[in-house]
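A structural model of the following input is requested.
(chains A and B)
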Amino acid sequence: MTPAPAGAVNGSQPEQPPAGSQAVLEIRDLSIVYRAGDAEVKAVDHVDLALAPGETVGLAGESGSGKSTLALGACRLLRPPAVITGGSVIYRGSRVAKEGVEILDQGSRELRKLRWREISIVFQSAMNALNPVLRVRDQLGDVLDAHLHLKRDEKRARLETLLDLVGIPRDRLRSYPHELSGGMRQRVMIAMALAVDPEVVIMDEPTTALDVVVQREILAQIVELQKRLHFAVLFITHDLSLLLEIADRIAVMYAGQLVEVGSAEQIHNRPAHPYTRGLLASFPSVHGTRRTLAGIPGTPPDLRSLPPGCPFVPRCRYAAEPCRSIDMRVRPVAGSGAGHLSACPFVVPEPAIGTPHPQMSTAAKTAPEESRS
Amino acid sequence: MSAPPTRTELLPAAAARGPLVLEGHALSKDFRLSRGPRGSVLSAVRDVSLGLYRSAVVALVGESGSGKSTVARMLAGQERPTGGQILLDGAEIRPWAHRAFRSYKGEVQMIFQDPFASLNPVHTVGYSLRRPVHLHQRAKGKDAVAAELRRLLERVRLTPAEQFLGKYPHELSGGQRQRVAIARALAARPRVLLADEPVSMLDVSIRLEVLDLIDELRSQFELAVLYVTHDIASARYFADDTLVMYAGEIVERGPSEDLTQQPAHPYTQLLVASSPDPDSLDRTLATPAPMGAVRRAGSALSTTVGCRFSPRCPFADDRCRTQSPPLLPINSQRAAACWRLDVAAPELLSETGEERSVPMTT
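Okay, the predicted model is just below:
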């Protein structure tokens, strides 16, 4: 079930999801499995997600939730044993046909044209993503050569502009990756991702390995660049507190399924899914008054043996019998604004952060611990 | 034996919980560099003093490369300090020396960041736990050992215990592995637990549980805990006192809540300002601009003069660049190593009326 376009013709209201036709990237009903022998593990299970031009969508989830698989699948970067079993991914950039391009139907030649140019990706570990035996100049240059026909001095000028853009001194063009700090390497990755003006940039935990001060600087830089260049960002991270600050909209995944989508404000003030609430009550903040932290009891799910119905049932304090046969499609949250969708129909939205539900904190103490075997 | 070192004049919040158990006094660690000018030395840790008190948690916060793990490793006896002393119950001890090491391990145990690497993948959970029980408890008889293993697993809430004893690390989740690592540390019945980033590799939703578990064990066994972390927000919630390290030195220390809510040192201010604020939804990403402007990693070469943070500090003046600031008390519980506190944190100084003349360490 794709949410019905909520009437608005333009994206002026931030809490509305981009109506289908405006989205620059639209993932519809995407399913991805990992095949191991006869067994199939559903890593992404019927997920819908859309990015409007210039928008930042945060994708939150724990390891194994399928958030990276979703993003890599949308770029066709997955290798066997991962198999896309259904759905569609449509890209509608200004440089492609108006009706958009179905990424899942593209051959490898077409994909090569789309990559970097239309959709680029910044990986978590820049040390592994950069080629250690190539200078920064040559790696960035490769991207330019593949997509633009530039004269030598034009190319050089462009390389220098790119480094300026991400705040690296120009003389670093001659450096090898190991000569750069972690933050600088990540900036080189970002420069590479922006090298040929893509309209969608996917960032897969781009700052997770960095210190909080450097992380802050890089995030501020991404936000600043986005204001100038108007690309859309799909920002993947396990850190929901970070997303609340930088994302327009946030999607939360659990066990391969989308459990909640909403604007940052909706997720913060009226989290609807118990998992989102648990996440919000899990991380300590250095800012503001001290809160009661609750956490989420139990362990992240084993995708090989998911319970029927809602996968969060074993850890959910609200779980009841109907949850075991629930249809996990997200639906509009009653009483919340447009664009706020949740897979859990049973819980009435209530503010979680700052005032965790009294029972929630006791649930964390008394629930059976990691007894899953 | 040398005379007992002069005690710090601060009264840490942790001291209210119990007596001093383990103390590092003026610890330093130099690493000789093979590259660079001949004989150049990296002082990874310089003049760090800290005390761990019974039933209390002290956090050591800093970025990667700040020397926080080296401090923990020195206290664990795994790294030999190039300067300073380690005192257990007030008596100097040289835990790296071969003979002292085992008995020291019975008192001071460590848990590591990566539970995937710290447990031997070819041995079962039972094997990993049985070893320290044999070595440190001298438990006699199969039944006594089995009962002890069971007790350990139940204490870290891995139940039913029988089910976990025969498992290999790869059969466990990250949180479960870290619990096994904690149980293994407890098997030696230590009085001090050194936890080096114990939750940073774990999923967000289970971090809190593991921290809660450590906290529960702290109060149950009256453990003195050192919590090494890069996450100052978790230090606020988890530790009585927090020490902030930068480029090998303690730049600020004090009760966690005071220190995080009213940071004195410019670096602590930067750390706090850089932490995500979930209540800020406007995408402004307030970055302390002047500090972000200059990015040069704090130099920890022994030849560095002046404050190691001065290249990044918006308040630095000539004195900062030439003289290293000592760690001076701000009040009875807090101290900071900064010449420019009158500019950096004027509100803190006005409370106490300029008493920052006595250096904390000798």
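
alpha carbons only for contacts and neighbour counts from here, please
Noted.

chain B: strands as residue ranges?
Assigned by DSSP state E, chain B shows strands spanning B:20-32, B:41-53, B:57-61, B:83-88, B:91-93, B:108-111, B:192-196, B:224-229, B:241-246, B:249-255, B:328-329, B:335-336.

what strands line up against the third one, and which way round?
The sheet places strand B:57-61 alongside strand B:224-229 (parallel), strand B:241-246 (parallel), with pairing taken from DSSP bridges.

the first one now?
Strand B:20-32 has the following sheet partners, assigned by DSSP bridges: strand B:41-53 (antiparallel), strand B:83-88 (antiparallel).

minimum distance to residue B:223: which of those has it?
strand B:41-53 (8.2 Å; C-alpha to C-alpha).

so what's the closest residue to residue A:311 other than its chain neighbours up against?
Of all residues not flanking residue A:311 in the chain, residue A:255 sits nearest, at 6.6 Å (C-alpha to C-alpha, 6 or more residues apart in numbering or on different chains). Shown in contact with residue A:255 (C-alpha atoms under 8 Å, 6 or more residues apart in numbering or on different chains): A:43-44, A:64-66, A:301, A:303, A:311.

give me the residues contacting stretch A:143-151.
Against stretch A:143-151 from outside (C-alpha under 8 Å, 6+ apart): A:113, A:116-117, A:155, A:192, A:195-196.

out of the strands of chain B, nearest to residue A:276?
strand B:224-229 (25.3 Å).

picking that back up, make a markdown table out of the strands paired with strand B:57-61 and add distance to residue B:327 and mean neighbour count.
Formatted as a markdown table, these follow (distance: least, C-alpha to C-alpha, whole Å; neighbours: other C-alpha atoms under 10 Å in any protein chain shown):
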| stretch | distance to residue B:327 | mean neighbour count |
| --- | --- | --- |
| strand B:224-229 | 20 | 27 |
| strand B:241-246 | 11 | 27 |
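
need those in JSON lines with mean pLDDT, can you?
Compiled in JSON lines, the strands paired with strand B:57-61 are given as follows (pLDDT from 0 to 100):
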{"stretch": "strand B:224-229", "mean pLDDT": "96"}
{"stretch": "strand B:241-246", "mean pLDDT": "96"}
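
tabulate the ones you listed in CSV, adding columns for distance to residue B:16.
Converted to CSV, the strands paired with strand B:57-61 look like this (distance: least, C-alpha to C-alpha, whole Å):
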stretch, distance to residue B:16
strand B:224-229, 12
strand B:241-246, 11
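
most packed of the strands paired with strand B:20-32?
strand B:41-53 (a mean of 23; mean count of other C-alpha atoms under 10 Å in any protein chain shown).

average pLDDT across that strand?
Per-residue pLDDT over strand B:41-53 has a mean of 92.

and for stretch B:309-327?
Here the average pLDDT along stretch B:309-327 is 91.

ok, stretch A:323-333 next?
pLDDT averaged over stretch A:323-333 gives 88.

contact partners of that stretch?
A:1, A:3, A:257-260, A:272, A:307-310, A:313, A:338-345, A:349.

and that stretch, what's buried?
For stretch A:323-333, the neighbour count (16 or more other C-alpha atoms under 10 Å in any protein chain shown) marks A:323-324, A:328-333 as buried.

what's the span of that stretch, first residue to last?
Separation of the first and last residues of stretch A:323-333 by C-alpha to C-alpha, to the nearest Å is 17 Å.

same question for stretch B:180-200.
For stretch B:180-200, by C-alpha to C-alpha, the gap between its terminal residues amounts to 16 Å.

run the contact check for that stretch versus chain A.
No. Using C-alpha under 8 Å from any C-alpha of the partner chain, stretch B:180-200 stays clear of chain A, with a minimum separation of 10.6 Å.

before we move on, the earlier item: of the contacts of residue A:255, closest to residue A:231?
Closest to residue A:231, out of all of the contacts of residue A:255 and judged by C-alpha to C-alpha, is residue A:66, at 23.8 Å.

OK, contacts around that closest one?
Counted by C-alpha under 8 Å, 6+ apart, residue A:66 has contacts A:43-44, A:253-257.

ok, 10 Å please
When contacts are counted by C-alpha atoms under 10 Å, 6 or more residues apart in numbering or on different chains, residue A:66 touches A:32, A:42-45, A:60, A:72, A:253-258, A:303.

with residue A:55 instead?
Counting by C-alpha under 10 Å, 6+ apart, residue A:55 has contacts A:11, A:14, A:18, A:23-24, A:200, A:226-227, A:230-234, A:247-249.

next: residue B:69.
Residue B:69 neighbours (C-alpha under 10 Å, 6+ apart): B:45, B:60-62, B:75, B:112, B:194-197, B:228-229.

widest-spaced pair of the residues you listed?
Between all members of the contacts of residue B:69, the farthest pair (by C-alpha to C-alpha) comes out as B:45 and B:112, at 19.4 Å.

residues near the closest residue to chain A within the stretch 101-250 of chain B, how many?
Residue of the stretch 101-250 of chain B nearest chain A, by C-alpha to the nearest C-alpha: residue B:233 (4.3 Å). Neighbour count for residue B:233, taken as other C-alpha atoms under 10 Å in any protein chain shown: 22.

with the one 3 residues further on instead?
Residues near residue B:236, counting by other C-alpha under 10 Å, number 24.

OK, contacts around the residue of the stretch 251-373 of chain A at minimum distance from chain B?
Per C-alpha to the nearest C-alpha, residue A:286 is where the stretch 251-373 of chain A lies closest to chain B, at 4.3 Å. Listed by C-alpha under 10 Å, 6+ apart, the contact set of residue A:286 reads B:231-237, B:257, B:260-261, B:271-278.

repeat for residue B:321
Residue B:321 neighbours (C-alpha under 10 Å, 6+ apart): B:304-311.

again, 7 Å this time
B:305-307, B:310 (C-alpha atoms under 7 Å, 6 or more residues apart in numbering or on different chains).

kindly report the same for residue B:324.
With contacts defined as C-alpha under 7 Å, 6+ apart, residue B:324 is in contact with B:305-307.

got the phi and psi for it?
phi -80, psi 130 (degrees, to the nearest 10).

circling back to that earlier point, quick one: buried ones out of the contacts of residue B:69?
Using 16+ other C-alpha under 10 Å, the buried ones in these are B:45, B:60-62, B:75, B:112, B:194-197, B:228-229.

can you list the residues you listed in CSV and add distance to residue A:169?
CSV is the format used below for these (distance: C-alpha to C-alpha, whole Å):
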residue, distance to residue A:169
B:45, 30
B:60, 33
B:61, 30
B:62, 27
B:75, 40
B:112, 37
B:194, 41
B:195, 39
B:196, 35
B:197, 33
B:228, 34
B:229, 31
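
nearest to residue B:221 among the residues you listed?
Using C-alpha to C-alpha, the buried ones among the contacts of residue B:69 come closest to residue B:221 at residue B:194, 14.2 Å.

so which strand or helix has the residue of the stretch 251-373 of chain A closest to chain B?
In the assignment (DSSP states H and E), residue A:286 maps to no helix and no strand.

if I pick the closest residue to residue B:81 other than its chain neighbours, what's in contact with it?
Using C-alpha to C-alpha, 6+ apart and skipping the chain neighbours, the partner closest in space to residue B:81 is residue B:29 (5.1 Å). By C-alpha under 7 Å, 6+ apart, the contact list for residue B:29 reads B:43-46, B:81-83.

between the residues you listed, which is closest to chain A?
Closest to chain A, out of all of the contacts of residue B:29 and judged by C-alpha to the nearest C-alpha, is residue B:44, at 17.7 Å.

OK, contacts around that closest one?
Residue B:44 neighbours (C-alpha under 7 Å, 6+ apart): B:29-31, B:67, B:248, B:300.

could you pick out the longest helix of the chain?
Looking at chain A here, since you left the chain open. Secondary structure of chain A per DSSP state H: the longest helix is helix A:212-229.

not quite, go with chain B.
helix B:204-221.

got the buried residues for it?
Quick answer for helix B:204-221 (16+ other C-alpha under 10 Å): B:204-215, B:217-218.
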